[in-house]
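Undergrad: Need coordinates for the following:
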Amino acid sequence: MNCIVLYHVGFENLGTFAAPLEALGYRVRYQHASLPLSAAQWGEADLVVVLGGPIGVNDTAQYPWLAAEIEGIKLRLQLKRPMLGVCLGAQLMAFALGGEVGSRAAGKEIGWSTLDISEQAGPLAHLRDVPVLHWHGDNICLPDGVASIATTPGTPCQAFMVGQHALGIQFHAEFEPAALEQWLTGHAVELHHAGVNLQALRSDTQRYGAQLERAGQAVIRDWLTCVA
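TA: From the prediction side, this is the model:
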């Protein structure tokens with residue numbers, strides 16, 4: 001099975017999701033989102049994963065290729081083909097479904113905290129009482145007919161599912177603790193302006209990272225099993 005992974009910045013990759021994907025027989029190919037996929041690629045890939053990044057769904061004027069990415073995601077969803085969106089990827093999925101994405105009123109949500117997970121959350125149940133890494137400044141407003149399955153204070157949609165074939169997660173369940181310094185360096189300007197305490201972020205990553213790695217891998221294994 002082939003899996004196309006669209007990334008926006010190099011260090012935001014599959015992280016801890018890579019091993020379960022490979023164990024289930026997926027051949028992973030990374031491609032930067034600015035390089036367009038053909039309609040056949042969008043439709044025929046066994047799995048498409050759209051990862052995070054520092055831009056937003058409303059930035060198409062500055063990044064014109066983003067419009068083509070949204071159209072490809074819309075096609076994939078219309079075909080009901082398996083798709084996973086992480087952070088920006090989830091926002092793009094929600095937007096392609098007819099939802100809206102706007103700035104979070106409470107400011108950026110960067111750091112570790114637990115989720116309030118619904119009874120209909122399916123594989124996300126593995127994350128109950130597990131602190132996860134948040135790293136975003138936008139909120140998703142889902143279209144009618146699509147329900148949020150996880151929340152945090154100030155973020156009413158942390159995750160959603162469309163049937164069994166599409167999963168969007170606003171937080172970073174794929175985060176690999178060993179990559180933290182790459183994230184801190186790559187997002188240095190954002191962290192400075194948000195006033196994030198880097199030492200606290202390092203300490204929380206050391207405290208919670210291993211637990212998230214185990215739970216996150218359980219989530220992706222269960223979801224892919226349902227998809228299959």
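
Undergrad: Tell me where this structure has strands.
TA: 2-7, 27-32, 47-50, 83-86, 100-103, 109-113, 116-117, 132-136, 138-141, 148-152, 155-162, 166-169 (DSSP state E).

Undergrad: For residue 198, which of the ones you listed is the nearest?
TA: With Cβ to Cβ, the closest approach to residue 198 among the strands of the chain belongs to strand 109-113: 10.5 Å. Every C-beta, even on glycine, is put in place using the N, C-alpha and C of the backbone.

Undergrad: can you state the direction angle for that closest one and strand 155-162?
TA: 80 degrees (axes from the mean of the first three to the mean of the last three Cα atoms, to 10 degrees).

Undergrad: angle of strand 109-113 against strand 148-152?
TA: Orientation note: strand 109-113 sits at an angle of 90 degrees relative to strand 148-152 (the same axes, to 10 degrees).

Undergrad: Tell me which residues are up against strand 109-113.
TA: For strand 109-113, contacts defined as Cβ atoms under 8 Å, 6 or more residues apart in numbering pick out 131-137, 152, 154-155, 191, 194, 196, 200-201, 204-205, 207-208.

Undergrad: Which among the strands of the chain is found nearest to residue 180?
TA: For the strands of the chain, proximity to residue 180 was assessed by Cβ to Cβ; strand 132-136 is nearest, at 9.1 Å.

Undergrad: Which other helices and strands does the closest one contact?
TA: Judged by 3 or more Cβ pairs under 8 Å, 6 or more residues apart in numbering; DSSP states H and E, the packing partners of strand 132-136 are strand 109-113, helix 198-227.

Undergrad: can you redo these as JSON lines with mean pLDDT, mean neighbour count and distance to residue 170?
TA: Output for these, formatted as JSON lines (pLDDT from 0 to 100; neighbours: other Cβ atoms under 10 Å; distance: least, Cβ to Cβ, whole Å):
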{"stretch": "strand 109-113", "mean pLDDT": "98", "mean neighbour count": "18", "distance to residue 170": "9"}
{"stretch": "helix 198-227", "mean pLDDT": "97", "mean neighbour count": "17", "distance to residue 170": "14"}
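
Undergrad: For stretch 150-160, give the mean pLDDT please.
TA: What stretch 150-160 shows for mean pLDDT is 98.
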